[in-house]
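Undergrad: structure of the sequence below:
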Amino acid sequence: MTERPPLRHGVVLLAAGASRRLGRPKQTVLIDGEPLVARMAGLALATDPRALVVSLGAQADAVRRALGDLGDDPRVRCAEAADWARGMGASLRAGLDALPDDCDAALVLLCDQPALTVAHLQRLLTAWRGDPQHASASAYAGVLGVPAVLPRAWWPALAACGDRGARDLLRARAAEVSAVAAAGLERDLDTPADLDPLS
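TA: Numbering: from 1, shown residues only. All right, here's what the predicted structure looks like:
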């Protein structure tokens, strides 16, 4: 019996938004002296992905600089979403298109969830590997959302997603999603008030 090769994942880090409500690029906000985009990229790389694609749009040069030395990692590549202003779906599509062909799934991350941990990402990947035809997604605030692991077979359906990215697809196909509890991830950084407890 031929042994199946191990499943491989890539990561798409969505970092294209303009952060209009925050008034400055949330990707470059410092948490404990580290830009958020670099923090999230570090967590992503700790999962040992085949590749990490950082999807860029607004403030692309500043976000690329904020990656620092992580930008030199051979697994890291940046993809600019020319139509980033159309919403998160455009950023996600650009990231998925840039992943290597041998990725069986994409782990999708945002930049603005400061409570995210490597342990949670590993739990998502473990859930997906246990049932690789299904997705796994973070469960918080009564909903399914990102971070999430999306099998390659799901990627074409994402082409129809609008500015809500994968969220609507996860909810529409909830019966095919392994929910992984993620207390704390409901808190994101959208307004200046959200930064107060972190500064």
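
Undergrad: which residues outside stretch 56-74 are in contact with it?
TA: With Cβ atoms under 8 Å, 6 or more residues apart in numbering as the test, stretch 56-74 has contacts from 15-19, 25, 27-28, 35, 37-38, 41-42, 45, 52, 54, 76, 78-81, 84-85, 90-91. All C-beta atoms are positioned from the backbone trio N, CA, C, and that covers glycine.

Undergrad: do the same with stretch 37-46
TA: Contact with stretch 37-46 is made by 11, 13, 15, 27-28, 31, 52, 54, 63, 66-68, 70, 73, 75-76, 107, 109-111, 113-114, 116-118, 121, as judged by Cβ under 8 Å, 6+ apart.

Undergrad: narrow those residues to just the buried residues.
TA: Listed as buried from these are 11, 13, 15, 27-28, 52, 54, 63, 66-67, 70, 75-76, 107, 109-111, 113-114, 116, 121; burial here means 16 or more other Cβ atoms under 10 Å.

Undergrad: can you flag which of those residues belong to helices?
TA: If you go by DSSP state H, these have 63, 66, 121 in helices.

Undergrad: about what we covered before: drop anything exposed from the contacts of stretch 56-74.
TA: Buried, going by 16+ other Cβ under 10 Å: 15-17, 19, 25, 27-28, 35, 37-38, 41-42, 45, 52, 54, 76, 78-79, 81, 84, 90-91, out of the contacts of stretch 56-74.

Undergrad: re the thing from before, now render the ones in helices among the buried ones among the contacts of stretch 37-46 as CSV, adding pLDDT and distance to W128.
TA: CSV is the format used below for these (pLDDT from 0 to 100; distance: Cβ to Cβ, whole Å):
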residue, pLDDT, distance to W128
V63, 91, 27
A66, 94, 29
L121, 98, 11
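
Undergrad: list just the nearest of those residues to P147.
TA: Comparing those against P147 with Cβ to Cβ places L121 closest, at 6.2 Å.
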